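Visitor: Have a look; sequence and predicted model below, questions after that.
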Amino acid sequence: MLSFLWKRLLATIPVLLVVTAVAFVLLRLSGGDPAAILAGDSGTPETIAAIRMRLGLDRPLIVQFVQWCWQLLHGDLGNSILSNQLVTSMIAARVEPTLVISLSTILLSMLIGVPLGVLAAWKRGSWIDRMTMSVSIVGFALPGFALGYLWIYVFSVKLGALPVQGYVNLADGLLPFLSHIVLPTLTLSVVQIALIARVTRTSLLEILSDDFVRTARAKGLPERIVLFRHALKNAAVPIASVVGIGVAFLIGGVIVTESVFNLPGLGRLTVESVLARDYPVIQGIIIVFSGVYVVINLLVDLSYTVFDPRIRY
Amino acid sequence: MTGPLLEITGLSVRLRETRKPVVKCVDLSVGRGEIVCVVGESGSGKSVTAFTTMGLLPDALEVAGGSVLLNGEDLLSSSAARIRALRGRRMAMIFQEPMTALNPVLTVGRQIGEVLEWHEPQLTKQQVAGRVLESLREMNLPSPALLVDAYPHQMSGGQRQRVMIAMALVLQPDLLIADEPTTALDVTTQKQILVLIKSLVKVRNIGVLLITHDFGVVSEMADRVVVMQSGAVVESGPVAEVLSAPRHAYTRKLIDSVPRGGAVIRAPVESEIVLEVIGLGMTYAESGIFSKRRSTNALVDVSMELRRGEILGVVGESGSGKSTLARSIARLLKPTAGSINLHGVNIAQMGAGALRPHRRHVQVVFQDPFRSLNPRMKVGRALIEGAVNFGVSPDDAAKRVAELLAVVGMDESAIDRYPHEFSGGQRQRLCIARALASRPDILVADEAVSALDVSVQSQVVTLLGRLRDQLGLSIIFITHDLRLTSQICDRLLVMKSGEVIEQGPTAEIFGQPRQEYTKMLLASSPQFLNRSAIS
């Protein structure tokens, strides 16, 4: 177990290295010059060149990369080109809204997706099954920003029940806090619910035809215990893996959703930094996101041992 | 109490959509302290009858008529909630495959405990734990206190079935329905489970409805027998009567297909040696519950030889290493020691490339014909695939398919059909035809008939005997059922814990077994006329 954990943590290092290298190269090949943006409309070629030199952007790519990796090893993500702030503190300042809506999304989508999938599998072929499955197709197909604007139109503009955009700290009151995260969470959750409900249904359907489900019924257990204790625990491994994979969707969704709802989170920061070609900030965010993804999927793998005693690391 | 415990009258069950009858007007009854065996081949409706009683019919089936009374209470007109209350409390069921019938992710204690928790909510946690322990102890399970926290995969097949029985009987139900409870078990384990069930009937005065396809089991267990064919009861009566004077032709056929004890005496085969195994060893690393990690010697210094046109029976319980031996000879496994001389060439440690030309000489037929044929490949293609792979031109191979099908007694029309269109016995014939396609010298039949009905088993065994005589084929016949070897095997090899403990001509081993273990295997096989062994 411990050796597994150790090996997996070691294995994340090359993953992170590849991710950063790819991000580093792609960013610089994608065109746009931070120095030109910094110099503004009145910048002369000379000032731009001077800025480039100050930022070290005139040096060969490989040198820049090695230098950046060296800083990274010391926990230093560098400074923003635009504001000269520490990237670490910029990320720290913006992490809360992203963390909040991500967690609420994962929570909500499991709370809705799993029971929905169980229901659909249990009542296979019924209207509830067909409805769940068709709605989930729509959920997959709808782009996040369209959904976001739809919620805003219905709940904020027409009904006036919820704020249009922005973020309020939990310290400033529970109700305002909740009212600001409801719509972003809903927006992000739709695709996750669709994903989780589908996988839950499929994996449960397979389990429901297993012999031990028949045994559970032969023991006179009520259907809810058969479904939730006997079947669902056996179906949990694929569901857990899809939750892990869903985090990747979530990261992509967060960037769009935060822009729609104007949340001051990492997603917004990403968009701002990309527009300004603020390389160190973008790279920092990518490192953080991919680190989170890797760690969450490690936790998912560990959760398998809880669900299935036959799995041992 | 007057009247039988379970009384089924005129029960009919049909497919919901096509209304095709599956069970037709079945009458049977089970009294207290009585074991009633329902016998029939797969598809005879015996399991459906049992599932109807438990209220566990699959959605595709519906009851079309009749009544099922338990202690005089009509189960068919009872509410779902009432049936649920009766299940576990008044009637319980155990199944064929205890590995899949137990939930793999819940502990044994939890699975037994929840029956008590649900049906008797007034019990405290300690009382539940106490009764779980007691129920395991009653089934003669070793160290019940440890087993409570064990998972099914950490136990042996026999232990699992004991756990199933403990779970079924924990609430002291009146009726136990046992659906082929020993079919998936070794003969020795089968014997123990049957003895256990029989003693429980005596001690607790319960009624047992025992479903089986094996008249050997019937003769050991039943007080009364009900014979079913294609959904209908064709004969019923006290066991002695049905066994000694079967009235229906189908009953006679089932009884005749049970392999008898004594072995046929055969002239020793003196042709050339095609396969010689010397000092074969195989060591695995594995983990169990009682120990952390250990290495298991699946094969220890196994030596044997096989002559042309000889059938060598390899018998032993599961875990005795017989399948490992088969897989090593076919080189599906790489043994860790020893040599396997095939036509004088040692193939034991050959790499994949060097092995290829030798592969066609040894072909394997596996246990489960439902899973060893590709469901999406037509039979014709499946049969020639191997041969084409070994360099036969597809045209020649196609011509050979018809020939092969004839050899295994199948019609040529099978070529364009898919595996699911055939019965288990037919599929196993197809698997044999597939194995023969590359003209092997040696056929390894690894429990090749264990998954089949008794009547079908004897047909396939006869086929193997014919292939030896006609094609001069050498066959390694692996089985846990000694009875099957008596008819066709020239020699026997008895294995235990990875070692060969006895070998010799079949008639000799049946007549004068030297080892205690062999004697026990022989005594455990359900046969006729040894009812005294149990009661």
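Guide: Perfect, thanks for sending it.
Visitor: what comes up buried for stretch B:416-428?
Guide: Of the residues in stretch B:416-428, those buried by neighbour count under the rule 16 or more other Cβ atoms under 10 Å in any protein chain shown are B:Pro419, B:Phe422, B:Gly424, B:Gly425, B:Gln426, B:Arg427, B:Gln428. (Glycine included, C-beta is placed from N, CA and C.)
Visitor: Now, these that are in helices?
Guide: When DSSP state H is applied, the buried residues of stretch B:416-428 are split such that B:Gly424, B:Gly425, B:Gln426, B:Arg427, B:Gln428 fall in helices.
Visitor: check contacts around the third one.
Guide: Translated: B:Gln426. B:Gln426 makes contact with B:Met410, B:Ala414, according to Cβ atoms under 8 Å, 6 or more residues apart in numbering or on different chains.
Visitor: Give me the pLDDT for it.
Guide: B:Gln426 is assigned 86 on the pLDDT scale.
Visitor: How is chain A partitioned into domains?
Guide: A:16-73, A:89-307 (automatic domain parsing).
Visitor: what's the closest of those domains to chain B?
Guide: domain A:89-307 (3.5 Å; Cβ to the nearest Cβ).
Visitor: ends of that closest one, how far apart?
Guide: 38 Å (Cα to Cα, to the nearest Å).
Visitor: what about stretch B:69-79, near chain A?
Guide: No. Judged by Cβ under 8 Å from any Cβ of the partner chain, stretch B:69-79 makes no contact with chain A; its nearest approach is 12.7 Å.
Visitor: in what helix or strand does B:Lys191 lie?
Guide: In this assignment (DSSP states H and E), B:Lys191 forms part of helix B:187-204.
Visitor: Mean confidence (pLDDT) on that helix, please.
Guide: For helix B:187-204, the mean pLDDT works out to 89.
Visitor: Kindly report the same for stretch A:233-250.
Guide: For stretch A:233-250, the per-residue pLDDT averages 90.
Visitor: Any buried residues in it, and which?
Guide: Quick answer for stretch A:233-250 (16+ other Cβ under 10 Å): A:233-247, A:250.
Visitor: and chain B, which of those contact it?
Guide: Near chain B, taking Cβ under 8 Å from any Cβ as the test, the members of those found are A:Lys233, A:Asn234.
Visitor: Out of the buried residues of stretch A:233-250, list just those in helices.
Guide: A:233-247, A:250.
Visitor: circling back: name the helices or strands packed onto the helix holding B:Lys191?
Guide: Applying 3 or more Cβ pairs under 8 Å, 6 or more residues apart in numbering or on different chains; DSSP states H and E, one finds that helix B:187-204 contacts strand B:35-39, helix B:157-169, strand B:175-179, strand B:207-212, helix B:215-221, helix B:516-524.
Visitor: Turn these into JSON lines, including mean pLDDT, mean neighbour count and distance to A:Val294.
Guide: Compiled in JSON lines, these are given as follows (pLDDT from 0 to 100; neighbours: other Cβ atoms under 10 Å in any protein chain shown; distance: least, Cβ to Cβ, whole Å):
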{"stretch": "strand B:35-39", "mean pLDDT": "95", "mean neighbour count": "27", "distance to A:Val294": "57"}
{"stretch": "helix B:157-169", "mean pLDDT": "90", "mean neighbour count": "24", "distance to A:Val294": "39"}
{"stretch": "strand B:175-179", "mean pLDDT": "94", "mean neighbour count": "24", "distance to A:Val294": "48"}
{"stretch": "strand B:207-212", "mean pLDDT": "94", "mean neighbour count": "26", "distance to A:Val294": "53"}
{"stretch": "helix B:215-221", "mean pLDDT": "88", "mean neighbour count": "25", "distance to A:Val294": "56"}
{"stretch": "helix B:516-524", "mean pLDDT": "86", "mean neighbour count": "18", "distance to A:Val294": "54"}
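Visitor: Great, nothing more from me.
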